[in-house]
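In: Here you go, sequence then predicted model.
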Amino acid sequence: HWGYGKEDGPSAWHRHYPVAKGSRQSPIDIIPDEARRDSSLGPIFLKYDRCTSLSIANNGHSVVVEFDDSDDRSVIQGGPLDNPYRLKQFHFHWGGKGCEGSEHTVAGVGYASELHLVHWNAVKYTTYEDAATAPDGLAVLGIFLEQGDDHRWLHTITDVLYMVKFKGSATNFKGFNPKCLLPSNLHYWTYLGSLTTPPLHESVIWIVLKEPIVVSEKQLGMFRILQFSGEEEDQRMRMENNFRPPQPLKERILKKRC
Ligand SMILES: NS(=O)(=O)c1ccc(NC(=O)NCCCCO)cc1
Ligand SMILES: [Zn+2]
């Protein structure tokens, strides 16, 4: 199976997932000066309903908050998207120490962590699984986490991480509105990419916000109490550095709003 270690990490994923060397892989290094202004790109709109959050789980690669995606209560629309995309889950990627931990980088500089809100095109596709293999199936909103003061709302998540310490553990997580994790400014870059972990499907319209949110080192440290390994496994594998490095841009254009 795949992971983030020396033997099973990002440089080895291509053996079982050849698309790892594909034409639209993620993440990428974002070079702001090279982003093309696109007048057809409008603002993005996020409508999230606190009643759609369901559970929080450790899937052995990250901590994931799952949502009820049976209707359009929580959606992203506008920007590069032709129709609303339903929120399915959000999760994080982080490092072991301060500077690195995000997946996308900006002019070669990484942030301490990156939040991904994963949405799917329920207008064109019947299930998330079908959308996840289609070129316009998913829209992932990427938000950088920068180290600084305590984040006002992140404790709602970090306070329950001890309950999902081991791979395969999950617990109720109702009434959470992810709107509280957004920065004040929704200016974004957008490009066509992929899932950043296996199966690495090239099915993601990426929308990466320019403005990071600020979280404290203490809050970031709480993510590192999580384990890649299950409770019964003997070797304790602290969950950290669960990020894929930037991939070649190839024939793609990075876009931004005017
Ligand atoms: N980090 S990321 O790009 O936001 C991401 C999101 C979902 C997934 N995985 C996923 O959706 N798996 C289910 C795919 C079922 C269709 O084959 C992997 C990476
Ligand atoms: Zn992710």
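Out: Arrived safely, thanks for sending. Numbering: from 1, shown residues only. Ligands and ions are numbered 1, 2, ... in the order given.
In: so where do the helices sit in the stretch 151-258 of the chain?
Out: 155-158, 217-223 (DSSP state H, counting those that start in this stretch).
In: residues from this protein in reach of ligand 1?
Out: Neighbours of ligand 1 within the chain, by Cβ under 6 Å from any ligand atom: 116, 118, 129, 132-133, 140, 195-197, 199. In this view, the C-beta of every residue, glycine as well, is placed from N, C-alpha and C.
In: Let's see that with 8 Å instead.
Out: 26, 62, 88-89, 91, 93, 103, 116, 118, 128-130, 132-133, 138, 140, 142, 193-201, 204, 244 (Cβ under 8 Å from any ligand atom).
In: Which among those count as buried?
Out: 26, 62, 88-89, 91, 93, 103, 116, 118, 128, 132, 138, 140, 142, 193-198, 200-201, 204, 244 (16 or more other Cβ atoms under 10 Å).
In: ok, now which ones touch the residue nearest to V164 when sequence neighbours are not counted?
Out: With Cβ to Cβ, 6 or more residues apart in numbering as the criterion, V164 has its nearest non-adjacent residue at 4.2 Å, and that residue is N58. Listed by Cβ atoms under 8 Å, 6 or more residues apart in numbering, the contact partners of N58 are 64, 164-170, 226-227, 239.
In: which of those residues lies closest to K210?
Out: V64 (24.9 Å; Cβ to Cβ).
In: SS state for the closest one?
Out: What DSSP: H, G, I helix; E, B strand; the rest coil gives for V64 is strand.
In: any idea how far N58 is from it?
Out: Distance from V64 to N58, counting by Cβ to Cβ, to the nearest Å: 8 Å.
In: No further questions, thank you.
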